[in-house]
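what's the 3D shape of this:
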Amino acid sequence: MAAEVSNVSLPDSIVHAAQVQARLSGVSLEQWISLAVASRLDTDEGARAFFRCRAEGATGTALEEWLDSRPDVPPVPGDEI
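You can find the predicted model right below:
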């Protein structure tokens, strides 16, 4: 797999925490960051796939029925739009 070098600016606190985690994991900082980013991408794509599957064929009818069954009262303070 070819690697592309990219410069990314991160706050010192994040770099320090990543260095600690890399050291504890026994890998280089670059490898730890690569694994962390890849893990996040997998998680995000998994969530998108889950919700795409759940939304497949949805019409909104069930939501409308549920909303219609709720009492028509003002929102709780702090929940206003």
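
Mind pulling up the pLDDT for the residue sitting nearest the centre point of the chain?
Residue closest to the mean C-alpha point of the chain, counted by CA atoms, centre = their mean, is residue 44 at 5.0 Å. Residue 44 carries a pLDDT value of 94.

On the three-state scheme, residue 44 is what?
Per DSSP: H, G, I helix; E, B strand; the rest coil, the local secondary structure of residue 44 is helix.

and the gap between it and residue 57?
Here the distance between residue 44 and residue 57 works out to 23 Å (CB to CB, to the nearest Å). All C-beta atoms are positioned from the backbone trio N, CA, C, and that covers glycine.

Next: residue 68.
With distances defined as CB to CB, the gap from residue 68 to residue 57 amounts to 21 Å.

cool, residue 33 as well?
As defined by CB to CB, residue 33 lies at a distance of 40 Å from residue 57.

higher neighbour count, the two?
Relative neighbour count places residue 33 above the other of residue 33 and residue 57, with 19 against 6, counting by other CB atoms under 10 Å.

Next, the buried residues of the helix or strand containing the more buried one.
Taking DSSP states H and E as the criterion, residue 33 maps to helix 29-55. Buried residues in helix 29-55, counting neighbours by 16 or more other CB atoms under 10 Å, are found at 32-33.
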